[in-house]
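**Q** Using only what follows, build the 3D model:
(one chain, ligands or ions: 1)
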Amino acid sequence: MDQPTANQTADGKTPDQRPEHPDFWCKRFGAGTTPWDAGKVPDDFAAFVAAETTPLRTLIPGCGSGWEAVLLAEHSWRTTALDFSPVAVERARGVLAPVLGPASTVDVVCADFFQWQSETPLDLIYERAFLCALPRKLWADWAQRVAELLPAGARLAGYFFVCEQLKGPPFGIEAAQLAELLAPHFICLEDRPVADSIPVFAGRERWQVWQRKD
Ligand SMILES: C[S@@+](CC[C@H](N)C(=O)[O-])C[C@H]1O[C@@H](n2cnc3c(N)ncnc32)[C@H](O)[C@@H]1O
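**A** Purely as a prediction, here's the structure:
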């Protein structure tokens, strides 16, 4: 049997074939193969932002192109748009160029969500196509990290790919499994189907808002 090369894991996969590795995403951003990218701010999130009366300190993990961060900059929300792929970060900096600068409330950071620390307490983590980009073996760590980063009363809001799709990314999560991950630390405030999904998520995406318990 062949031994794995220095660049391969025991299953024979190279980093650019493993979604837990930045190379996987760099390759796709570099090739312009980004079927998950909505190219706009989805409606439910735009409505959520419009309904808030004060700016929220926000984290966007796995921000990709960072369309939503443009909206948050326009609303002066202190926002960290974070991605571990340097190519994605470069893309986000391009999309955000009109709103970045010394007076901007938005930072684009190249970091791993599982290592990054916030210097100030967060009010919101915005989710879109991040959990479903993570291999299932990382989901418990994701839930733990989200709970660690959000103080009591803060919210996790966004889009969840709720279906049985085993092969991914995007990896589907069943409603009961998502509830099992989040219910120990969060209460679900909103859960409804999404009307403006792009084709890869259509009919299988839900807008949800979860609030951190004490
Ligand atoms: C499917 S894309 C979604 C991008 C964006 N949220 C959107 O909706 O277009 C997943 C993103 O998560 C990033 N990502 C995956 N694992 C990460 C991690 N551990 N830390 C930070 N970013 C990560 C990838 O680099 C990629 O840009």
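**Q** what pLDDT, on average, does stretch 176-186 get?
**A** Across stretch 176-186, the average pLDDT comes to 98.
**Q** Identify each buried residue in it, please.
**A** Using 16 or more other C-beta atoms under 10 Å as the burial criterion, the residues of stretch 176-186 that qualify are Leu178, Leu181, Leu182, His185, Phe186. In this view, the C-beta of every residue, glycine as well, is placed from N, C-alpha and C.
**Q** Would you mind measuring from the first one to the ligand?
**A** Leu178 sits 17 Å away from the ligand when distances are taken as C-beta to the nearest ligand atom, to the nearest Å.
**Q** Chain neighbours aside, what residue packs nearest to that residue?
**A** Phe160 (6.1 Å; C-beta to C-beta, 6 or more residues apart in numbering).
**Q** contacting residues around the one you found?
**A** With contact set as C-beta atoms under 8 Å, 6 or more residues apart in numbering, Phe160 has these partners: Glu127, Leu131, Cys132, Ile173, Leu178, Glu205, Arg206, Gln208.
**Q** make it 7 Å
**A** For Phe160, the contact set (C-beta atoms under 7 Å, 6 or more residues apart in numbering) comprises Glu127, Leu131, Ile173, Leu178, Arg206, Gln208.
**Q** near the ligand, which residues of this structure?
**A** With C-beta under 6 Å from any ligand atom as the criterion, the chain meets the ligand at residues 25, 36-37, 61-65, 82-85, 88, 112-114, 128-130, 133-134.
**Q** are any of those buried, and which?
**A** 25, 36-37, 61-65, 82-85, 88, 113, 128-130, 133-134.
**Q** Which of these fall within strands?
**A** Pro61, Leu82, Asp83 (DSSP state E).
**Q** can you list those in JSON lines and add pLDDT?
**A** Compiled in JSON lines, these are given as follows (pLDDT from 0 to 100):
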{"residue": "Pro61", "pLDDT": "98"}
{"residue": "Leu82", "pLDDT": "98"}
{"residue": "Asp83", "pLDDT": "98"}
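**Q** Could you single out the nearest of these to Glu148?
**A** Ranked by distance to Glu148 (C-beta to C-beta), those are led by Pro61 at 12.6 Å.
**Q** Distance check, that closest one against Thr79.
**A** 12 Å (C-beta to C-beta, to the nearest Å).
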